[in-house]
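Engineer: Provided below are the primary sequence and the corresponding predicted coordinates.
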Amino acid sequence: MNRLLYAGSFDPVTKGHLDIIERASALCGELIVAVMHNPEKLGFLDVPLRIQLIEKACRNLPNVKVIAHGGLLAFCAEEMEVDAVVRGLRPLGDFETEYQMAQVNKMLGGVETLFLTTSANCANISSSIVRQVAAFGGDISAMVPEGTDKEICEALARSNR
Ligand code: COA
C-alpha cells in the first residue's frame, strides 16, 4: 500500500491508537493520521494539542504525518489520495458501528476500510477511560504514549469538563 489513512477523535491519543499507528505505518509508504470530529462526542482537548500529542507519540515513525480535518472521513480520504482507511477493531462492541461506517464511507467516496484487531494489551484502554482516570487523579501513564501523560492531565484539568 502506498498511503493509508487512520482517522479518529484522539481525545486524547492512547497506547491503543499508537499500537494501530505503529502496525499500520509498517504496512504502507505513508500513514496519514487525521484528527477529526465525531459529531456524537463532546471535545475535551483542543485539536492543536491532540495533534501535538500524536506527533510526540510518533516521533520515531518518519512515515507518519498528522493532520486535522473538519469534514467527512470520505472527503478526507479523497483529498489525501489514500489507498484505504485503517481502523482498529476492539474485541467487544466495535463491529456493528465500524461495519456501518465502512459501508457509508465506501458509498460516499469509494474508499475501502481495512481493520487491524486491537492488541490484547490495549483492548481495555479508551480515550474516555483515560479522561476518567485523570479526572480523579489516577495514574494514566500505562495507558497513553510515553511522555504524554503530564501534558494530558494538565490539559484535561484546564478544560474543566
Ligand atoms: N485500542 C483501544 N482503544 C481504541 C483503539 C485501539 N486500537 N482505537 C480506538 N480506540 C478507542 C478510542 O480511544 C475511542 O475511545 P472513546 O470512545 O472512549 O473516545 C474509541 O475507541 C473510538 O475513537 P476513535 O477511533 O479515536 O475515533 P471515533 O470513533 O471517535 O471517531 C471518526 C471516528 C472521527 C473517524 C468518525 O467519527 C468520523 O468519521 N467522523 C467524521 C464524520 C463522518 O465522516 N461521518 C460519517 C461516518 S460514516
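Structural biologist: Looks like it came in fine. Model, not experiment: these values are computed from the prediction.
Engineer: helix/strand/coil for Asn124?
Structural biologist: coil (DSSP: H, G, I helix; E, B strand; the rest coil).
Engineer: Same check on Val85?
Structural biologist: strand.
Engineer: Going along the chain, name the strands of the protein.
Structural biologist: Remark: strands assigned in the chain by DSSP state E are 3-8, 30-35, 64-68, 84-89, 112-117.
Engineer: So for Pro48, which of those strands sits nearest?
Structural biologist: Pro48 sits nearest to strand 64-68 of all the strands of the chain, at 7.9 Å, using Cβ to Cβ. Backbone N, C-alpha and C define where each C-beta goes, glycine included.
Engineer: In PDB, list the C-alpha atoms belonging to the closest one.
Structural biologist: Taking C-alpha atoms only, strand 64-68 is exported to PDB below (Å, rounded to 0.1, in the frame of the first residue of the first chain):
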ATOM      1  CA  VAL A  64       3.600   9.200   9.800                       C
ATOM      2  CA  LYS A  65       2.000  12.600   9.000                       C
ATOM      3  CA  VAL A  66      -0.600  14.100  11.400                       C
ATOM      4  CA  ILE A  67      -3.300  16.500  10.100                       C
ATOM      5  CA  ALA A  68      -6.700  17.900  11.200                       C
END
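Engineer: hmm, back to that, okay if I get the strands of the chain as JSON lines plus mean pLDDT?
Structural biologist: Output for these, formatted as JSON lines (pLDDT from 0 to 100):
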{"stretch": "strand 3-8", "mean pLDDT": "98"}
{"stretch": "strand 30-35", "mean pLDDT": "98"}
{"stretch": "strand 64-68", "mean pLDDT": "98"}
{"stretch": "strand 84-89", "mean pLDDT": "97"}
{"stretch": "strand 112-117", "mean pLDDT": "97"}
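Engineer: near the ligand, which residues of the protein?
Structural biologist: Taking Cβ under 6 Å from any ligand atom as the criterion, the neighbours of the ligand within the chain are 7-10, 14, 16-17, 19-20, 36, 38, 41, 72-73, 88, 90, 101, 104-105, 118, 122, 125-128.
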